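Chemist: Sequence first, then the predicted structure, then my questions.
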Amino acid sequence: MQSDGREGAGTPATTSPYEPAPYEQSQTTGGSGVGYRAGQERNYPPNDSPDASSIRYDEYGAYNSYATPAPPSTPRRTGAPASTPLQRPTTPPGSPDELVPGVDAVLAARGDGSRWSTPAYAPFAAPAAAPADVDELPTAQIAVAPAPTHPGPPQPARTRGAHKPTSARRAQNARRRLLTRIGISAAVVLVLIAGIAYGAQKFLNPTPKVQLYVVKNQELTSFVGGGGLTYPAQALDIIYPVSATVETVNVQVGQAVKSGQALITLNSADLTSQLQQALASYQAAQNYLSSLYASGASASLIAQAQSQVTTAKGRYDALNAQLSSSTYSNGNIIAPFAGVITAINVVPGSTAPANSALLTLQNESSVVVRVQLPLEQRAQVQVGQNAEVDPDATPSETFPGLVSVINPALTNVGSDTFEVWITVSNPNLQLLVGESIYARISVTETLPVVPELSVINPDSDSLVFVYSHGRAHARSVIVGVRDLDRFGIVSGLTPGEQVILVGQYQLSDNEPVKVTGIQQ
């Protein structure tokens, strides 16, 4: 028997365990919000999976919020098929527009009012009134109609298998909180480890052990050095005041001569006649001056005559002194001291010009080294100090010397060096004149002395630890003279103080220490 699709009110229809009961009002919760629908809550298959193939749709257009709406299941009553296709609401999930429009008729028939009377649907016009009897409502009219559009931004539709955004954000926040907790825990662990290590170190080594040294004044020797050249201790250019004929040259360059030895022989007749001529000129000048005084001549003439007398007398005295000196004897030029001939400027038979050098004699048995020293070390150098010189050509050889002269003027104007003369004995003529030399001057000072090991950073910003009342105190010092492994302290220490010799590199200022030994 064909049915019209309606059953009696008191006779429930036989339904599938996954089909909703007919015409019952219920509130369902889906992935897209809360709403009323004609039927009971949808029942999912035992695996609780909202799969479209296992969900049965009722005739009022129930839909799966996670997939495209599927066709409704076989209706439980006969009637005309729905002519209006099922449509999915286009409004955001959770809004009142998600409600199935066909429910309004059911609500009105049962006296529950219409959803159009709620505040959420106030801006929209209510649809036409539904029939009084729901059973008289055709199936085609119960089909899903387009829901009114609710103001608001559109929301993207969800598809099957998509994760909920709230779940993703929740998982991301959880990961962030976990990483933060891990970082804080690691920092706390590191701080604890450092504190434990520091405490263990202090527990195992409560007081550093040190050894002391007592500061006392000592005499230290250092060297001030510089470079220079060698010069002969004695050098003489032999000249003659008048011209004379050279008869013989008795020496040659490089020859060693003795004091009093004849070097050059001049023509004695020339010398004697020149001496007599000089004497006559001098006497004539005197006579002329006397006559001017007697005649009452003018002052200018008298002054001119006086000048002539002076010139004549000077020439005569020079000739007389030369002929009477130790460098001349019977026409011979004599060596005034022992030395070596280093230059000869005349040859036999030539005429030697007046006041010109005939030859050069040098005494090289001792040499003078003229060195340039840093001007900042001027106060440390004194006449009489010991020195050592090393020839650049033979640095393995060392010759002792003595500071003989300190030049008070700078030889190089504007330079930062000063000149010192060092006399060096050279009996075997090992040092040659003009040879390049490096000289070191021995400087002796009396200063508070500490061992080299007790000074931290001796080259710059020097520091020592001074022991006092059971504690180590850092103190800056200035290092002066250095003698092997001993340092002379110019400033910062006084004799009698105790400096830490061993164990000072692990100390801090004002740290308690334990003394295990003292060196005097």
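Modeler: Cool, the structure landed.

Chemist: in stretch 505-519, what's buried?
Modeler: Buried residues in stretch 505-519, counted by 16 or more other CB atoms under 10 Å: 507, 513. Where C-beta positions appear, they are placed from N, C-alpha and C, glycine not excepted.

Chemist: what comes into contact with that stretch?
Modeler: With contact meaning CB atoms under 8 Å, 6 or more residues apart in numbering, stretch 505-519 is reached by 207-214, 456, 465, 467, 470-474, 498, 500-501, 503.

Chemist: and with 10 Å instead?
Modeler: In this structure, residues lying in contact with stretch 505-519 by CB atoms under 10 Å, 6 or more residues apart in numbering are 205-214, 451, 453-454, 456, 463, 465, 467-475, 498, 500-504.

Chemist: now the end-to-end length of that stretch.
Modeler: End-to-end span of stretch 505-519 (CA to CA, to the nearest Å): 18 Å.

Chemist: Kindly report the same for stretch 469-487.
Modeler: 25 Å.

Chemist: Which positions within that stretch qualify as buried?
Modeler: Residues of stretch 469-487 classed as buried by neighbour count (16+ other CB under 10 Å): 472, 474, 477, 479-481, 483, 487.

Chemist: what do you get for stretch 487-495?
Modeler: Here stretch 487-495 shows 487-489, 492-493 as buried, counting by 16+ other CB under 10 Å.

Chemist: Among the residues you listed, which one lies nearest to Ile184?
Modeler: The closest of these to Ile184 turns out to be Gly492 (CB to CB; 49.3 Å).

Chemist: Shouldn't Ala312 be within a strand?
Modeler: No - judged by DSSP: H, G, I helix; E, B strand; the rest coil, Ala312 forms no part of a strand; its state is helix.

Chemist: Can you check the pLDDT for it?
Modeler: Confidence at Ala312, expressed as pLDDT, is 88.

Chemist: which residues does it contact?
Modeler: 278-286.

Chemist: Adding distance to Thr351, write the buried residues of stretch 487-495 out as a markdown table.
Modeler: Formatted as a markdown table, these follow (distance: CB to CB, whole Å):
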| residue | distance to Thr351 |
| --- | --- |
| Phe487 | 69 |
| Gly488 | 66 |
| Ile489 | 71 |
| Gly492 | 74 |
| Leu493 | 75 |
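
Chemist: Which member of these is positioned nearest Thr417?
Modeler: Nearest to Thr417 among these, with distances taken as CB to CB, is Gly488, at 24.1 Å.

Chemist: Specify the local secondary structure of the closest one.
Modeler: Assignment for Gly488 (three-state DSSP): strand.

Chemist: right, and Ala343 touches Val433 too?
Modeler: No - at 11.7 Å, Ala343 does not count as touching Val433 under the criterion of CB atoms under 10 Å.

Chemist: Pretty sure Tyr288 sits against Tyr282.
Modeler: No - the criterion here is CB under 10 Å, and Tyr288 misses it with Tyr282 at 11.2 Å.

Chemist: list residues touching both of the two?
Modeler: By CB under 10 Å, 6+ apart, the residues touching both Tyr288 and Tyr282 are 308-309.

Chemist: Spell out which residues make up each domain of this structure.
Modeler: 1-162, 163-206, 209-220+445-519, 239-353, 362-444 (automatic domain parsing).

Chemist: Any figure for the gap between Arg486 and Ser454?
Modeler: The gap separating Arg486 from Ser454 is 10 Å, by CB to CB, to the nearest Å.

Chemist: repeat for Phe487
Modeler: Phe487 is 8 Å from Ser454, by CB to CB.

Chemist: hang on, the earlier thing: compare Tyr288 and Tyr282 and say which is more crowded by neighbours.
Modeler: Tyr282 (19 against 14; other CB atoms under 10 Å).

Chemist: On the pLDDT front, check that one for me.
Modeler: 89.

Chemist: Please report the distance of the closest residue to Leu289 other than its chain neighbours from Lys313.
Modeler: Counting by CB to CB, 6 or more residues apart in numbering, Leu289 lies nearest to Ala305, which is 4.2 Å off, once chain neighbours are set aside. To Lys313, Ala305 is 13 Å away according to CB to CB.

Chemist: For those two, indicate the residue with more neighbours.
Modeler: Ala305 (20 against 17).

Chemist: following the one helix or strand that one maps to, which helix or strand shows up next?
Modeler: Here Ala305, judged by DSSP states H and E, is contained in helix 299-324. Scanning forward in sequence from helix 299-324 by DSSP H and E, the next helix or strand is strand 328-329.

Chemist: and that next one, which strands flank it?
Modeler: Note on strand 328-329: by DSSP bridges, its sheet partners are strand 332-334 (antiparallel).

Chemist: Skipping adjacent residues, who's closest to Thr494 in space?
Modeler: Nearest non-adjacent residue to Thr494 (CB to CB, 6+ apart): Pro448, at 6.4 Å.

Chemist: Would you mind writing the CA trace of whichever helix or strand that neighbour is part of as CSV?
Modeler: In the assignment (DSSP H and E), Pro448 maps to strand 436-451. The C-alpha coordinates for strand 436-451 follow below in CSV (Å, rounded to 0.1, in the frame of the first residue of the first chain):
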residue,chain,number,x,y,z
SER,A,436,131.9,51.8,12.3
ILE,A,437,131.5,50.9,16.0
TYR,A,438,128.7,50.1,18.4
ALA,A,439,129.4,51.2,21.9
ARG,A,440,127.8,50.3,25.3
ILE,A,441,128.3,52.5,28.3
SER,A,442,128.1,50.8,31.7
VAL,A,443,125.6,52.6,34.0
THR,A,444,125.6,51.7,37.7
GLU,A,445,122.7,52.7,40.0
THR,A,446,121.6,51.9,43.5
LEU,A,447,117.8,51.2,43.6
PRO,A,448,115.3,49.0,45.5
VAL,A,449,115.6,45.6,43.8
VAL,A,450,113.1,42.8,43.3
PRO,A,451,113.4,39.6,41.3
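
Chemist: next SSE after that strand?
Modeler: strand 463-468.

Chemist: residues of that next one that come out buried?
Modeler: Those would be 463-467, for strand 463-468 by 16+ other CB under 10 Å.

Chemist: nearest to Pro400, of these?
Modeler: Val464 (36.2 Å).

Chemist: so what's the closest one up against?
Modeler: Here Val464 is in contact with 213, 215, 450, 454-456, 458, 472-477, 479, 487, 489, 492-493, 497, 499-501, 504 (CB under 10 Å, 6+ apart).

Chemist: picking that back up, intersection of neighbour lists for Phe487 and Ser454?
Modeler: Common neighbours of Phe487 and Ser454 (criterion: CB under 10 Å, 6+ apart): 464, 477, 493.

Chemist: need those in CSV with distance to Ser298, can you?
Modeler: CSV is the format used below for those (distance: CB to CB, whole Å):
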residue, distance to Ser298
Val464, 87
Val477, 82
Leu493, 83
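
Chemist: Which of the buried residues of stretch 469-487 fall within helices?
Modeler: Among these, DSSP state H puts none in helices.

Chemist: Quick check: strands, which of those are part of them?
Modeler: Counting by DSSP state E, the part of the buried residues of stretch 469-487 found in strands is 472, 474, 479-481, 483, 487.

Chemist: would you list these in a markdown table and tack on distance to Tyr438 and pLDDT?
Modeler: Converted to a markdown table, these look like this (distance: CB to CB, whole Å; pLDDT from 0 to 100):
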| residue | distance to Tyr438 | pLDDT |
| --- | --- | --- |
| Ala472 | 43 | 93 |
| Ala474 | 39 | 94 |
| Val479 | 24 | 90 |
| Gly480 | 23 | 84 |
| Val481 | 20 | 83 |
| Asp483 | 20 | 84 |
| Phe487 | 25 | 92 |
